[in-house]
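**Student:** My questions concern the predicted model and sequence given below.
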Amino acid sequence: MIVHPIPALFDEKSKVLILGSFPSVKSREAMFFYGHPQNRFWKVVAMVFGEPVPETIPKKKDFILRNHLALWDTIHSCDIEGSSDSSIKNVIPNDLHVILDNSKVSRIFVNGKTSEKYYRKYIENEIGVKAVCLPSTSPANAAWSLEKLAEAWKQIREW
C-alpha cells in the first residue's frame, strides 16, 4: 500500500480543482504533481493561460495559485505497480472536504479516465459535485496532440 505523499495545493482563492488519479513514481520522487518530464500537464495549462511553462516547483505552485486553481488526486492510497494506472487496487479516496471547505472551488475537473473512474466510484455521491473529464495529459495518451489537449483543457479557465 502506497500513501499519497503530496499535499493538496490550493488556497482560499482557488475556484477550479483539477484531480489526477495517483502520483507517478517520478512525481512521488519529486514530491510534486506531474513530475514526469513526458507528462504534458504543465505545457497544456501554460498554453491555456497564455503563460510560459513553469519550470521549477515554486514557479509551478505560483502558477496554480495565481490562476485560482487547486491540484490534488482522487486517490489517497492504493496498491500500484510503478506508475501503471491499470495496476491500481485497494483504493482509498482522498477527502476533498479539506479543499472544498477552505476555498471557493465550485468546478471540478479530472485529468483522464482513471481519475474519473475513481472520482465517480468513491467521491461524487459523497460531495454531490459532478466532475468534467478532460483528456489525460499522460504520455500514454499519445492520440492527443499538445494543441488538441490545450483546446479541450480551455474549460478550466474561469469565466
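**Tutor:** The structure has been received and is ready for your questions.
**Student:** What is the helix or strand harbouring Phe109 packed up against?
**Tutor:** Under the criterion DSSP states H and E, the helix or strand holding Phe109 is strand 107-111. Using 3 or more C-beta pairs under 8 Å, 6 or more residues apart in numbering; DSSP states H and E, the elements in contact with strand 107-111 are strand 16-20, helix 113-122, strand 132-134. For the C-beta atoms, the positions are set from N, CA and C on the backbone; glycine is no exception.
**Student:** Just name the most buried of those.
**Tutor:** Ranked by mean neighbour count under mean count of other C-beta atoms under 10 Å, the helices and strands packed on strand 107-111 are led by strand 16-20, which reaches a mean of 25.
**Student:** partners of it, with directions?
**Tutor:** In its sheet, strand 16-20 lies beside strand 69-73 (parallel), strand 107-111 (parallel), with partners assigned from DSSP bridges.
**Student:** distance between the last one and the chain's centre?
**Tutor:** For strand 107-111, the separation from the chain centroid amounts to 8 Å (computed by C-alpha atoms, centre = their mean, to the nearest Å).
**Student:** what mean pLDDT does it have?
**Tutor:** Mean pLDDT, strand 107-111: 98.
**Student:** give the contact list for Ser106.
**Tutor:** Lys15, Val16 (C-beta atoms under 8 Å, 6 or more residues apart in numbering).
**Student:** Please tell me how far it sits from Tyr122.
**Tutor:** From Ser106 over to Tyr122 the distance is 20 Å, taken as C-beta to C-beta, to the nearest Å.
**Student:** quick one on the thing from earlier: quick check: angle from the strand holding Phe109 to helix 113-122?
**Tutor:** Note on geometry: by axes from the mean of the first three to the mean of the last three C-alpha atoms, to 10 degrees, strand 107-111 and helix 113-122 are set 130 degrees apart in direction.
**Student:** list the buried ones in strand 107-111?
**Tutor:** When burial is assessed from 16 or more other C-beta atoms under 10 Å, strand 107-111 yields the following buried residues: Ile108, Phe109, Val110, Asn111.
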